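>>> below: sequence and its predicted model.
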Amino acid sequence: MKRIQCKKEKVNDRFILSKESKLAIDGITPLFRIIVNVSFTHKFLGRIEKGTIGGWVESLLLKSRDARVYGNAWVFGNAEVFGNARVFGNAWVFGNAWVFGNVRVYGNAEVLKQK
């Protein structure tokens with residue numbers, strides 16, 4: 001298996017967390033809605049404006065203090081990102097997708113789970 005080298009990315013001010021919360025699919029991990037704090041343009045989705053409410057994440061930072069979602073990545077819908085997972089580059093996680101554990105979603109990847 002090829003090991004992916006992730007760029008060490010510290011948290012930026014692009015996203016904030018809402019106070020809205022729920023438990024992840026594992027029934028243990030608390031998740032919060034991610035909100036765009038600084039507008040940006042996604043390669044495929046176009047302009048994502050400040051205040052846009054996204055999907056569910058455990059936190060903005062991993063325990064390593066690296067950013068969980070960064071670059072032009074976006075998590076939206078009912079998607080959940082937790083554990084040691086990262087989403088970066090132009091990747092998007094949406095629908096009812098779950099990204100967790102040590103997963104890295106990056107580049108131009110799309111992760112979707114329909115009901």
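Structure's in. What do you need?
>>> check the offset of stretch 61-70 from the chain's centre.
Its chain's C-alpha centre and that of stretch 61-70 lie 10 Å apart, by CA atoms, centre = their mean, to the nearest Å.
>>> now do the buried residues in it.
Neighbour counts over stretch 61-70 (16 or more other CB atoms under 10 Å) mark Leu62, Asp66, Ala67, Arg68, Val69, Tyr70 as buried. No exception for glycine: its C-beta is placed from N, CA and C like everyone else's.
>>> who's in contact with the fourth one?
Under the criterion of CB atoms under 8 Å, 6 or more residues apart in numbering, the contact list for Arg68 reads Val57, Glu58, Ser59, Leu60, Leu61, Leu62, Val81, Ala85, Arg86, Val87.
>>> can you rerun that using 6 Å?
Val57, Leu60, Leu62, Arg86 (CB atoms under 6 Å, 6 or more residues apart in numbering).
>>> phi and psi next, for Ile28.
phi -120, psi -50 (degrees, to the nearest 10).
>>> can you list the buried residues of stretch 61-70 in TSV and add distance to Ile48?
As requested, those are exported to TSV (distance: CB to CB, whole Å):
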residue	distance to Ile48
Leu62	22
Asp66	22
Ala67	16
Arg68	17
Val69	12
Tyr70	14
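>>> let me know the closest of these to Val36.
Taking CB to CB as the measure, Val36 sits nearest to Val69 out of the buried residues of stretch 61-70, at 10.6 Å.
>>> how much space separates the nearest residue to the closest one once chain neighbours are set aside from Val38?
Spatially, and ignoring its direct neighbours in sequence, Val69 is nearest to Val87 (4.9 Å; CB to CB, 6 or more residues apart in numbering). Counting by CB to CB, to the nearest Å, the gap from Val87 to Val38 is 17 Å.
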